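K.L.:
take a look and give me a structure for this.
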Amino acid sequence: MELDKVQQLQYAVACFKEFSHAKSQLSLIWETNHGFATFDSYQTESDKLPIISKKVIIKMIDKTKTVPHDSSDMFAVVRDLVYTKFEFNNGNDNQFLIEEPYILFGKIKDVIDSNDLSGKKRPNNKTVWNVSFVESNVSLPFLDFSLLGNVEPVSLALENSTDNE
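P.N.:
Reported below is the predicted structural model:
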């Protein structure tokens with residue numbers, strides 16, 4: 001799977017969690033050439049908007065973030081797709097899907113797979129962050145995406161949380 005599709009799928013899961021007000025942690029598990037792994041395919045800050053680019057400008061880093069409702073922005077389009085396809089606009093919270101992560105996983109994959117977002121603005125790097133390999137317990141702060149080899153989503157893990165996220 002290409003990095004842009006990985007980012008779309010991961011952001012769709014994050015949007016679903018936000019719109020449904022889920023207290024559980026939802027994490028995609030990926031199969032790579034090095035075994036099963038988890039990672040972040042894009043960066044955010046406290047506002048949870050994905051960062052599109054970073055540039056060094058005279059002793060500082062200038063960040064460009066996704067712009068909600070911008071039809072030329074990949075993340076904005078994914079956000080809108082999740083909102084409309086899961087009918088959050090009709091007052092649905094879809095909590096029942098959180099309890100059946102394998103169904104949610106399939107539905108989110110279908111939404112992403114059925115939409116071609118090539119040509120949209122997306123992050124300008126090929127890095128993934130917070131990489132953890134399940135079998136070897138190796139964790140890395142970041143890694144070039146291409147080093148993972150073939151990457152495919154295999155599961156959506158549900159971790160119940162007791163805190164107020």
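
K.L.:
can you give me the helices for the protein?
P.N.:
3-20, 74-85, 95-98, 101-113 (DSSP state H).

K.L.:
next, the buried residues of the first one.
P.N.:
Of the residues in helix 3-20, those buried under the neighbour-count criterion (16 or more other C-beta atoms under 10 Å) are 3, 5-17, 19-20. C-beta coordinates here come from the backbone N, C-alpha and C atoms, glycine included.

K.L.:
related to what we said a few turns ago, for residue 48, find the nearest of the helices of the chain.
P.N.:
helix 3-20 (7.4 Å; C-beta to C-beta).

K.L.:
in this protein, which helix or strand is least confident?
P.N.:
Across the helices and strands of the chain, the lowest-confidence element by mean pLDDT, DSSP states H and E is helix 95-98, at a mean of 89.

K.L.:
so which elements touch that helix?
P.N.:
Packing partners of helix 95-98 (3 or more C-beta pairs under 8 Å, 6 or more residues apart in numbering; DSSP states H and E): helix 3-20, helix 101-113.

K.L.:
okay if I get those helices as CSV plus distance to residue 50 and mean pLDDT?
P.N.:
Shown next, in CSV, are the helices and strands packed on helix 95-98 (distance: least, C-beta to C-beta, whole Å; pLDDT from 0 to 100):
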stretch, distance to residue 50, mean pLDDT
helix 3-20, 6, 96
helix 101-113, 15, 96
